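Enquirer: Sequence and computational prediction follow.
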Amino acid sequence: MRLRPAPSTLARTAVLTSAVALLACTGQADAAPAPDSSSLSATPFALDATGSPSRATFDSGMQGFSVESADFAHGYLTEDLLAERLKTLGPHGVLRLGGYSMDLVWPAFGAAAHTPAPAQAIGGTVDQSDLDGLKQLLDATGWKATLGMPLKSLIDPAKLKNPAKDPAPQVTMDQVVGEVKAAHATLGDDLLSVEVGNEYDNVTTLTPAEMWSTVKHYQGEIDAALPHAHLKMTGPSANTALTNSVIDGFADAALADGLDAPRRTLAEMASHLYAGSHCGTSTTIMAQLMSPDTYLKARTKLQGIKAVGDRLHDTVPMTLNESNSASCSGQPGVSDAYGSSLWALDHLLETSQNGVSRLLFHTNTAAICGDFKPRDSTDYPISYRYYGAFCATDQAQLDAHQLSASPLYYGLWTFRRLPKGHFVDLALPDGALGELRAYGIENGNGKLHVVLINVQDPAAADATDDTVTIKLPRGMHTARATTLVSSASGGLSSLDAGAITLGGAKVTPSGTADRTPRSTPVHVGAGTSTVTVAPGSARIIGFSR
């Protein structure tokens, strides 16, 4: 690890004096790091975990995956392929079946049950066998699913922005209702909702009010066929714009139908958010992914989503049902690099802290690592993406269902280690975001968990340890820490997922952990604890009374 050269005596005295002053306000100035040789090559921070828990709740079960409808149509949503990978992330999670290929699959249900798929159905055919495989997967894992339905072929063609781009097969409402009926009969309560279209604001000229009417129309047709199921809808699945004008207008239209209308119709109000882009000529770099600017833009977006939920009086959960590091299949060298582990952990915590109920990472399900398929490939748009959570090293491994965990997966696995609770504001200033991210979670039984992420690149010459002194609630006496880290020399840009460990543990190609992640003791003094976090690592510290 290369550390920043020691600052001048005057500069480092100012840094340490600032930390002492912050602690002096709480009567804990004696707990500040001493100005010895180790602290001079580190950046000191002072956090306060003694505040009251906020209204923002934390539940690690809020995570899950968004998967292309084409993956579903190709038979990849199976117990053999995915069960162990989902179970390692815990007994609760959500699979969203949808994405761009939602309009490119052929639902072989209703009158079309035995009809060959037209040429436009480049995403494949969904039939009862796919639902049966999904049922086995959900039964084996405890996870649940939302089901995406085509939109483009069921609206006025004049409302399509670009009919010539990936023309949709002419799916009928009979097929939509037939698939939903079959899904409800097969999955039962594991079917959480039905989603209408993907990023309608990107592919149509429908106004938010028109989209609200469309969602209600779908629900009416489904209710007529399944009058006792009371299935609700997911919408509007708006695109990745940093503004929230689409969901705001969608909420306006819903509320115009009456205060109870959103709750009667919607299981969730969904948006999409990507940290960067790999669409067209756009590129994303690691420094951008980990930057304070990206964090703050996401926070503004998330707070706006929560504000829409407040307008609905919290009767409808607000979700990000598609998210990841870079849109358009991810950015090579970023989305598949170690830094995405830390980013994913941070993104999950930031999303949850800002009141959004669910975050689903868009992922492949059956892919060879780095084997990206272009749009003109006969394999497009099935499961080949840089931002996947797992992938096989070669075709033989893929055929054997041996999928190695990607850096993204390790971020989710780390997040899963946290217990339910309420967030505690640690008073980390925005000016520190270039070096540190920090979250506190109190779970109501006398325990506090603090997550510290040093977002500095360990490969950078000026990277430093973060030395974090935390003022603790009364009575905290013991603590243990679990560390997410990579041993690779490439820093945040390392593509060696095999070098990543959580508490010394790794995820095997079979999808299971090779051991239980270990924790190590952390010293707790008189009301404080000082924790060192190396560049490019994250630590979960559990404090107990």
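Expert: It's in. Numbering: from 1, shown residues only.

Enquirer: Could you name the specific helix or strand carrying Asp252?
Expert: Under the criterion of DSSP states H and E, Asp252 resides in helix 245-256.

Enquirer: hmm, who's touching that helix?
Expert: 201, 207-209, 211-213, 235-236, 238-239, 261-262, 265-266, 269, 271, 304-305, 308, 311-312 (CB atoms under 8 Å, 6 or more residues apart in numbering). For the C-beta atoms, the positions are set from N, CA and C on the backbone; glycine is no exception.

Enquirer: Show me where the stretch 251-400 of the chain dips below the pLDDT cut-off.
Expert: Within the stretch 251-400 of the chain, the segments meeting pLDDT under 70 span 373-384.

Enquirer: What ranges does it have for its strands?
Expert: Remark: strands assigned in the stretch 251-400 of the chain by DSSP state E, counting those that start in this stretch are 266-277, 318-327, 358-363, 390-391.

Enquirer: Just put these in CSV and tack on distance to Tyr76.
Expert: Below are those laid out as CSV (distance: least, CB to CB, whole Å):
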stretch, distance to Tyr76
strand 266-277, 22
strand 318-327, 17
strand 358-363, 11
strand 390-391, 12
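
Enquirer: ok, Phe109 - contacts?
Expert: Counting by CB under 8 Å, 6+ apart, Phe109 makes contact with Val126, Asp127, Gln128, Gln175, Gly178, Glu179, Lys181, Ala182.

Enquirer: Next, the angle strand 318-327 makes with the longest helix along the chain.
Expert: As assigned by DSSP state H, the longest helix anywhere in the chain is helix 292-311. Interaxial angle, helix 292-311 versus strand 318-327 (axes from the mean of the first three to the mean of the last three CA atoms, to 10 degrees): 160 degrees.

Enquirer: next one: helix 292-311 to chain centre, how far?
Expert: 15 Å (CA atoms, centre = their mean, to the nearest Å).

Enquirer: which residues touch that helix?
Expert: Contact with helix 292-311 is made by 242-244, 247-248, 251, 255, 269, 271, 273, 275-276, 288, 316-318, 320, 346-347, 350-351, 354-356, 430, 433-434, 437, as judged by CB under 8 Å, 6+ apart.

Enquirer: Taking those, please make a PyMOL selection of just the buried ones.
Expert: In PyMOL, this line selects whichever of the contacts of helix 292-311 come out buried by 16 or more other CB atoms under 10 Å:
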select buried, resi 244+247+248+251+255+269+271+273+275+276+288+316+317+318+320+346+347+350+351+354+355+356+433+437
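
Enquirer: would you list every one of the helices in the chain?
Expert: 9-24, 69-73, 79-87, 128-141, 173-187, 200-203, 208-225, 245-256, 261-265, 286-289, 292-311, 339-353, 395-399, 407-416.

Enquirer: Need those helices in a markdown table (columns: distance to Ser494).
Expert: Listed next are the helices of the chain as a markdown table, based on distance: least, CB to CB, whole Å:
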| stretch | distance to Ser494 |
| --- | --- |
| helix 9-24 | 29 |
| helix 69-73 | 27 |
| helix 79-87 | 22 |
| helix 128-141 | 30 |
| helix 173-187 | 40 |
| helix 200-203 | 33 |
| helix 208-225 | 42 |
| helix 245-256 | 37 |
| helix 261-265 | 45 |
| helix 286-289 | 10 |
| helix 292-311 | 20 |
| helix 339-353 | 8 |
| helix 395-399 | 21 |
| helix 407-416 | 8 |
